[in-house]
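> Mind folding the following:
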Amino acid sequence: MLQVKRLLLIGFLMNTTYHFAQYTDIINSNRPGKSMSAYSVGKTVIQAEGGFFGIKEKHDLARYEANGFGSDLSVRYGAFFEQFELMLDMQYQKDWYTAPLVDKTRSGLRQTTIGAKYLVYDPFKNLREDKPNLYSWKANHSNKFDWKQLIPAVALYAGVNLRIGNNPFYVDDAFISPKGMIITQNHFGTHWVFVNNFILDKVTTKDANIGLVSSLTRGFNMRWSGLLEFQATKSDYYADYLFRVGAAYLIRENIQIDASISQNVKDTPYILAGGFGLSWRFDANYETVYLRSQKPEDPKEKAKDKKAKKDKKKKRKDEVELEETKP
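Sure, this is the predicted structure:
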């Protein structure tokens, strides 16, 4: 989940032709939602995001019920360059499953995924047009909607799912399967962030599915932020829609805690889950990287700057000549 200070920083940097690449002063965590941000943590930065959850699942038609708990962990590392990130995602669950003539305990890794993400387009990279208007206070403080905010940052993700052990949560026996994702991220003003993940998962198995995760984050102040999220998945074996609400609190610049609760919209099965977690960032090895705008200068602006320099030079020359003519 993105924090408010990140957004304020972006708003300030929109007045320059330079900006920090991926790294921000405040930790940039994907928690408490299930979506993935388009931006990386920054080159050489290591970030861990983990938590614990409880889950209740009940299927009226199949007449089964499962109650359990689990934990999840995501380790992110910015490698090679600013736009690139390697990550490991794991989720463990243990529950007690009961049905007619069945009463058993299940446990295993519901998810083990190794992947990489690359930011292919950053709308904040070319910011020359967003210079402040030095001649109009009104123009700089206008509440008019900036249509350029509709242009999202875009990232691509590719990874592999690993089936480890005799896992009761996997439909297919395949040890390895691919996962791909297109990620978009919009910033609306200095308080709102909208992230979408378009997912294609396990396409080489019987459990091939497509999914969507849409997250809307609102920063309330420098410490608190809130989350609303919609998650959809569809496969030959299972289809569902879930809604999630959550909040995060910034303890320090590199530590965030969070909590969330989610529920689906049907009873085949009915799912209710809640959890809490912590995100921590180690960035002692990070070196500040600046990205210079590659957008060509506006010819009109360039001409104005050239004329201003010429006028200034002529004025100095005239002053010198005036001094020399004085008696």
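
> Contacts only, for residue 214.
When contacts are counted by Cβ atoms under 8 Å, 6 or more residues apart in numbering, residue 214 touches 35, 194-197, 229-231. C-beta here means a position set from N, CA and C on the backbone, and glycine is covered the same way.

> Run through the bridge partners of it.
residue 196, residue 230 (DSSP bridges).

> Which pLDDT does the model give it?
Note on residue 214: pLDDT of 97.

> Helices along this protein, start to end?
Using DSSP state H, the helices found in the chain span residues 4-13, 137-140, 299-325.

> least reliable of the ones you listed going by mean pLDDT?
Mean pLDDT is lowest for helix 4-13 out of the helices of the chain, coming in at a mean of 41.

> Now do the residue nearest to residue 106 when sequence neighbours are not counted against residue 28, distance only.
Take residue 106 and drop its neighbours on the chain: the residue closest to it by Cβ to Cβ, 6 or more residues apart in numbering is residue 168, 4.5 Å away. From residue 168 over to residue 28 the distance is 35 Å, taken as Cβ to Cβ, to the nearest Å.

> Neighbour count for those two, which is higher?
Just comparing residue 168 and residue 28: by other Cβ atoms under 10 Å the higher neighbour count belongs to residue 28, 23 against 14.

> right, and that one touches residue 37 too?
Yes - using Cβ atoms under 8 Å, residue 28 is in contact with residue 37, at 6.4 Å.

> From the contacts of residue 214, list just the buried residues.
The neighbour count (16 or more other Cβ atoms under 10 Å) marks 35, 194-197, 229, 231 as buried among the contacts of residue 214.

> In this protein, what residue spans correspond to strands?
In the chain, the segments counted as strands under DSSP state E are 18-20, 46-59, 64-78, 84-99, 102-121, 153-162, 176-188, 192-201, 209-219, 224-235, 239-252, 255-264, 270-282, 290-292.

> With residue 147 as the reference, name the closest of the ones you listed.
With Cβ to Cβ as the measure, strand 176-188 is the member of the strands of the chain nearest residue 147 (11.2 Å).

> Please identify the buried residues of the closest one?
Using 16+ other Cβ under 10 Å as the test for burial, strand 176-188 gives 177-179, 181, 183-187.

> Mind putting the residues you listed into JSON lines with pLDDT?
Converted to JSON lines, the buried residues of strand 176-188 look like this (pLDDT from 0 to 100):
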{"residue": "177", "pLDDT": "94"}
{"residue": "178", "pLDDT": "96"}
{"residue": "179", "pLDDT": "96"}
{"residue": "181", "pLDDT": "97"}
{"residue": "183", "pLDDT": "97"}
{"residue": "184", "pLDDT": "96"}
{"residue": "185", "pLDDT": "95"}
{"residue": "186", "pLDDT": "92"}
{"residue": "187", "pLDDT": "89"}
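
> Out of the contacts of residue 214, which two sit at the greatest distance?
Longest span within these, Cβ to Cβ: 194 and 231, 14.7 Å.

> if we can go back for a sec, contacting residues around the residue nearest to residue 106?
Counting by Cβ under 8 Å, 6+ apart, residue 168 touches 106-108.

> What subset of those residues is buried?
residue 108.

> Tell me how far the residue positioned nearest the centre of the chain lies from residue 87.
In the chain, the centroid-proximal residue (Cα atoms, centre = their mean) is residue 37; its distance is 1.6 Å. Here residue 37 is placed at a distance of 11 Å from residue 87 (Cβ to Cβ).

> now residue 194
To residue 87, residue 194 is 22 Å away according to Cβ to Cβ.

> Contacts for stretch 194-211, please.
Stretch 194-211 has contacts (Cβ under 8 Å, 6+ apart) with 33, 35-38, 152, 161, 170-172, 174, 177-186, 188, 212-217, 231-238.

> same thing with stretch 269-283?
Applying Cβ under 8 Å, 6+ apart, the external contacts of stretch 269-283 come out as 23, 27, 29, 31-32, 41-42, 44-60, 62, 64, 72, 240, 242, 254-264.
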